[in-house]
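In: Quick one, what's the 3D model for this:
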Amino acid sequence: MVIANLISYILVLVGALNWGLYGLFNFNLVSMLFAGPRSVGAIIVYTLIALAALWLIISPIITDGMLKLQGDREARKVNERA
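Out: Residues are numbered from 1 along each chain as shown. Next comes the predicted model:
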């Protein structure tokens, strides 16, 4: 689950960067990389970014409000002390 959260964060940051570039400079990074906003590659990237955003919304609900970005190092330290 940690890997899914990290990948989702990266994809959502790419989407935010793309929107920022589009809003400030009217430059769409994804469509430039894939030769058009409706090319197969661009549609795949846009879909992955949307799924990543949905995952970041759903993930804390599944894990009782926690969005984990690291392994269970803290839990292991607590168990070692006991």
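In: neighbours of residue 16, just the number please.
Out: A count of neighbours around residue 16, defined by other Cβ atoms under 10 Å, yields 12. All C-beta spots, glycine's among them, are computed from the backbone N, C-alpha and C.
In: Correction: the previous question concerned residue 15.
Out: If you count neighbours by other Cβ under 10 Å, residue 15 ends up with 19.
In: my guess is it contacts residue 53, does it?
Out: Yes: contact criterion Cβ atoms under 8 Å: residue 15 and residue 53 qualify, at 7.2 Å.
In: Now the residue at minimal distance from the centre of the chain: closest residue in space, sequence neighbours ignored.
Out: By Cα atoms, centre = their mean, the chain has its centre lying nearest to residue 8, at 2.3 Å. Distances taken as Cβ to Cβ, 6 or more residues apart in numbering place residue 52 nearest to residue 8, at 3.9 Å, with adjacent residues excluded.
In: what's the answer for residue 59, then?
Out: residue 67 (5.7 Å).
In: dump the residue contacts of that neighbour.
Out: Taking Cβ atoms under 8 Å, 6 or more residues apart in numbering, we find residue 67 in contact with 5, 56, 59, 60.
In: Within its local environment, how many residues does the closest residue to residue 70 other than its chain neighbours see?
Out: Closest residue in space to residue 70, ignoring its immediate chain neighbours: residue 2 at 6.6 Å, by Cβ to Cβ, 6+ apart. For residue 2, the neighbour count with other Cβ under 10 Å is 12.
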